[in-house]
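Chemist: What shape does this take:
(2 chains, ligands or ions: 2)
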Amino acid sequence: MTTASRPFVPHAVGTAMPRPEGPQKVRGTARYTVETPGSDALYLFPVQAGVARGRVTAIDTSAAEALEGVVAVLTHENAPRLAREADADHGVLQSSTIHQHGQYLAAVLATSSESAREAASLVSVEVVEEPHAAVLDEDSPDLYTPEALVVGVTDDTRGDPEAALAASAVTLRRTYRTPMEHHQPLEPHATVACWEDGRLVVHDATQAVSWTRQALAAAFGLDESDVDVVAQHVGGGFGSKGGTHPNTMLTALAAQAVPGRSVRYALTRQQMFDLVGYRPATVQHVALGADREGRLTAITHDVVDQGSKIGEFVEPAAAFSRGMYAAETRRTTHRVVPLDIGVPTFMRAPGEAPGSFAGECAMDELAIELGIDPIELRLRNEPEVDPESGLPYSSRNLVACLRRGAERFGWADRDPAPRARLVDGWWHGTGVGSASFPVPRFPGSEATIRATGTGDTAGYTVEIAASDIGQGARAALTAIAADALDVGVERIDLRIGDTAFGPAGPAGGSAGTTSWGATIVEAADRFRDKYGDHPEDGDEADAHTPDNPWAGEYSMHAFGAHFVEVAVHADTGEIRVPRMLGVFAAGRIVNPLTARSQFLGGMTWGLSAALHEESVLDDRFGHVVNRDFAGYHVATNADVGTLDVEWLDEDDPYVNPMGTKGIGEIGIVGVAAAIANAAYHATGVRVRSLPITLDAFL
Amino acid sequence: MKPFAYERPHDAAGAVATVTADPDAAFLAGGTNLVDHLKLGLAAPSTLVDVTGLTSTEITDLPEGGLRIGAGVRNADFAADERVRARYPALAHALLAGASGQLRNMATTGGNLLQRTRCVYFQDLTTPCNKREPGSGCSALDGWARHHAVLGATHEPADVACVATHPSDMAVALVALEAQVRVLGRDGERAIPLTDLHRLPGDDPTRDTTLAHGELITAVDLPASPIAAHSTYRKVRDRASYAFALVSVAAALAVDDGGTITDARVALGGVAHVPWRATAAESALVGAPATDDTYRAAARAELVDARPVESPRGGTAFKLPLVTATLAAALRGLAENSAQEAR
Ligand SMILES: Cc1cc2nc3c(=O)[nH]c(=O)nc-3n(C[C@H](O)[C@H](O)[C@H](O)COP(=O)(O)OP(=O)(O)OC[C@H]3O[C@@H](n4cnc5c(N)ncnc54)[C@H](O)[C@@H]3O)c2cc1C
Ligand code: SF4
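Modeler: Residues are numbered from 1 along each chain as shown, chains lettered A, B, ... in the order given. Ligands and ions are numbered 1, 2, ... in the order given. As a prediction, this is how the structure comes out:
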């Protein structure tokens, strides 16, 4: 495929633009999935397994069926069969085997949600329990080497790092741990499904209508053209709404039993801890070798991930260390311990978030060991080319971010001595952490541009099955379309969130704007080639995502640097973060308004991961026991101090026509490390396990 | 959720009669705890008797200088009352340290006292719990027990063990301030010291309080207390707001010009099945110099019989130094304040 033939001139891009759907959201009229009206609506409530492994030997639904308002109770004995041998996660109600706590064992359909819920509690299930495994044990005999990561090879070794470590003037070996975490978007996963004349129409809280369609078509043996998936507004996803989970399958399956009626199901907050993915816990062994001047001679980063026996997602935590710093030798590996628990999935900054905690804490520890300023240590290990691919960078401004951040934060006056600043009963300290995030492009989106009206005032309908999950896709893509067509934003009518518009990549991987935007620019180019700038009503052009011709020639990443101040109470160990600064070099910023929110949100996420978030998996039972927002802590307003964000102007002609890099995730990367590093500086106590809680300082 | 009847009797006596007559009926106040329990399947009452408007929503002055707080007073209004803020600052602090603004707008004095433990195993129908299902065992003993007890808990025998804590902040301050609870039963009204309302699990962890089924809390009386004006509430938790206490301290202190402690009130939260009046600590404080050593000695005295949960999945051993640290921080702050006032 060709690339855009005319230069992309930003007008709307780079200008602050409020979300077009903002007023609707504020007024409560924006319709989320579960509010989709449906014909003859039925409510679904599931029955879930109370054991982690075993078999259903009997299931009695008579009491549930007798309840007023109950239309059907589906179990593995009477549910419609899926078309093919679906995997265990998607094969809902297909067998008596229990492979995780919380697994769906039955589904009640009733005319009200209350009746469905009550009936579900009346279903009695007999189960034979079998022994299960739920401990992340590095010495587990089941430990295995996955075939590949989502971002490349499982293991990668350059040179002889062990020999280099043995010969290094300074060697640091440390183990870091990160916990299981759950995405918990405010809008729970929800689905409204209806079968009509063999066609399946699904409204789903998803980050990728196309992916959901694919998964449903495969499970039900349908042509993709016989499945419609719609998601107009999605209340956050963070990766948990990227893949398709058993809840969507269950709702579609149940709807198949009642053709013509729409079936709706929104998960309870507790169910959100069972079935829609999580970030797996990691154990990370990091070793750094360096000479006295701080030049790295070896980096090893060996990761053991928590995993599931019924499906694989490998948290690619060591991948962070493949490109961050120069070193003569390097090893990165990933192993997985498969457990009788649900399937993990992508969670905002998969790999980078936990990987940067280990990598950037280790750099801080090395800096202290060497007596070198931690920023200076990073500068001394700045690579000329991407250490992983050997390619030059399309642009790499980590150094600029560190320098600018140091200046803005006031780093120059920093006394490196730990436990040296006691102010009003609180120990204060500061810390730094670097960030990087790749610039991927998802293939396979399709955009259509159609003129409505004629001549200078023609409007343009732009259709693409992109997803707005709150990140601001509507605003960003409207601006990109306007600039690509060289018209004002008011002439763009953007339509997204519906498979009727063809296939599209997901809102994920910080690649939505890049992938959809490049597709829209391509379609706009074709449109203008064909019809010029004075089209006739109904003129239409479409395009698929073009390949990036520079993909094999440059390594493409966004970079950033985080600076934080931490205060730890001298008596109680309570930990606060009064001040955070993030400086980013992430290409051209499409919409400063929503971009700022993405960075602030990312930094807050990083703070939350550093201090609060932990899904407590009780291995005796095999499920998460702190299963609500009172138990699973995320940062509150009171936990967030002053947040300061700056982005550097960056002109990168290689990433895509718009020059954008993706900003959804980089705000998180390195934050937890910066906080742990600052906590050490404050107290002299090094915490290598997240979340960092007050007991560490007592 | 099981269907239930909903009733609004005309008066408090009617509410008491209805609930007393039906072992499965329950009072409903703000509903911020009970409605959650209905959803979780933890409570399945036959009838909800709504007491909103049946108990006082007023805070009134008592003849001897104290205050009477109606059981229907919302936590938000309670915290904002000028008299409470001036005369019982620990109480205003404690209320504001609890839950969130939205919840405090709904939560009532009566409901707050009778909220149930947040033990995660209690709230999860799939795990054993002696409080929820007598004799099934205590999952917290070897489980995730970060929020559990160090004082007065039952560790054995297994079929009655319970190491849960009472989650209320308000109750800790009320206990330190020697409040009385007024209770209406079938046979009329009685007043009991708040320290006698909640009970330790003993050999029956299913019972949180000494109230009989159907007894209605109508008010809380705060006695006049000069020392209460020099009181504070210090809550330590896993995030800055909107979290239950790991450990909390309600304290009041009187220090003479020579720096000697002449009077003290101390209660602890997050450590026991009850809001814990720390009488041993109080005795250790009175007559001693207002110094960090004294505060720490007082904490040690209170913790003589402490027994943390030693769980491989996160126990409460950390609460012993945390109680000491929190008590020291709270008392030091009070002593510094009274020193400043004296100047
Ligand atoms: C997310 C969350 C966070 C919270 N955080 C905190 C916190 O940090 N600190 C804190 O202290 N609390 C906290 N709470 C708890 C909150 O304070 C209580 O839920 C609230 O005080 C209960 O009051 P209510 O009126 O809503 O009681 P309800 O839920 O209506 O009732 C609770 C119980 O009391 C009984 N009852 C109510 N009124 C009477 C009466 N007059 N006489 C006899 N029985 C009665 C009911 O039958 C029921 O058993 C939190 C709650 C939530 C949901
Ligand atoms: S501590 Fe008490 S409430 Fe918690 S599981 Fe044990 S018995 Fe149940």
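
Chemist: Distance from stretch A:318-334 to the middle of the chain?
Modeler: Offset of stretch A:318-334 from its chain centre (Cα atoms, centre = their mean, to the nearest Å): 22 Å.

Chemist: any idea of the mean pLDDT in that stretch?
Modeler: For stretch A:318-334, mean pLDDT rounds to 98.

Chemist: what about it, start to end distance?
Modeler: Stretch A:318-334 has an end-to-end distance of 7 Å (criterion: Cα to Cα, to the nearest Å).

Chemist: Counting neighbours, what do you get for the residue of the stretch 101-250 of chain A found nearest ligand 2?
Modeler: Relative to ligand 2, the nearest point of the stretch 101-250 of chain A is A:His101 (17.2 Å; Cβ to the nearest ligand atom). (C-beta placed from N, C-alpha, C; glycine too.) Using other Cβ atoms under 10 Å in any protein chain shown, A:His101 has 25 other residues around it.

Chemist: Just grab the bridge partners of the residue nearest to it when sequence neighbours are not counted for me.
Modeler: In space, and not counting its chain neighbours, A:His101 is closest to A:His623: 3.8 Å by Cβ to Cβ, 6 or more residues apart in numbering or on different chains. Applying DSSP bridges to A:His623 gives these bridge partners: A:Asp618.

Chemist: Then A:Ala266?
Modeler: With DSSP bridges as the criterion, the beta-bridge partners of A:Ala266 are A:Ala190.

Chemist: ditto for A:Arg579
Modeler: Note on A:Arg579: beta-bridge partners A:Glu565, A:Thr642, judged by DSSP bridges.

Chemist: Report the contact partners of it.
Modeler: For A:Arg579, the contact set (Cβ atoms under 8 Å, 6 or more residues apart in numbering or on different chains) comprises A:564-565, A:641-642, A:644.

Chemist: So for it, what pLDDT did the model give?
Modeler: pLDDT at A:Arg579 comes out at 98.

Chemist: That one and ligand 2: what is the separation?
Modeler: For A:Arg579, the distance to ligand 2 equals 39 Å [Cβ to the nearest ligand atom, to the nearest Å].

Chemist: A:Trp426 too?
Modeler: 34 Å.

Chemist: show me what contacts the closest residue to that residue other than its chain neighbours?
Modeler: Distance criterion Cβ to Cβ, 6+ apart; nearest residue to A:Trp426, sequence neighbours excluded, is A:Ala567 at 4.1 Å. Shown in contact with A:Ala567 (Cβ under 8 Å, 6+ apart): A:423, A:426-428, A:575-578, A:682.

Chemist: Excluding covalently adjacent residues, which one is nearest to the closest residue to ligand 1 within the stretch 251-400 of chain A?
Modeler: Closest to ligand 1 within the stretch 251-400 of chain A is A:Arg269: 10.9 Å, counting by Cβ to the nearest ligand atom. Once flanking residues are discounted, A:Arg269 sits nearest to A:Asp628: 5.3 Å by Cβ to Cβ, 6+ apart.

Chemist: interface residues of chain A facing ligand 1?
Modeler: Proximity of chain A to ligand 1, by Cβ under 6 Å from any ligand atom, involves residues A:Ala630.

Chemist: Pick out the residue nearest the middle of chain A.
Modeler: Among the residues of chain A, the one closest to the centroid is A:Arg348, at 2.6 Å (Cα atoms, centre = their mean).

Chemist: can you give me the helices in the chain?
Modeler: Chain wasn't specified; assuming chain A. Along chain A, counting by DSSP state H, helices occupy A:22-27, A:62-66, A:113-122, A:161-167, A:209-220, A:246-257, A:320-323, A:352-370, A:374-380, A:398-409, A:473-485, A:512-531, A:592-611, A:671-683.

Chemist: Can you look at chain B instead?
Modeler: Counting by DSSP H, the helices of chain B are B:12-21, B:34-40, B:75-80, B:82-87, B:89-96, B:101-106, B:109-114, B:170-176, B:279-285, B:292-302, B:319-342.

Chemist: Which of those sits closest to A:Leu42?
Modeler: A:Leu42 lies closest, by Cβ to Cβ, to one member of the helices of chain B: helix B:34-40, at 20.5 Å.

Chemist: That closest one near ligand 2 at all?
Modeler: No: if you take Cβ under 6 Å from any ligand atom as the test, helix B:34-40 misses ligand 2, and the best it gets is 13.0 Å.

Chemist: For that helix, list the C-alpha coordinates in CSV.
Modeler: Extracted C-alpha coordinates of helix B:34-40, given in CSV (Å, rounded to 0.1, in the frame of the first residue of the first chain):
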residue,chain,number,x,y,z
LEU,B,34,-27.5,-3.3,55.2
VAL,B,35,-28.4,-2.9,51.5
ASP,B,36,-24.9,-4.0,50.5
HIS,B,37,-25.5,-7.1,52.7
LEU,B,38,-28.8,-7.8,50.9
LYS,B,39,-27.0,-7.7,47.6
LEU,B,40,-24.2,-10.0,48.8
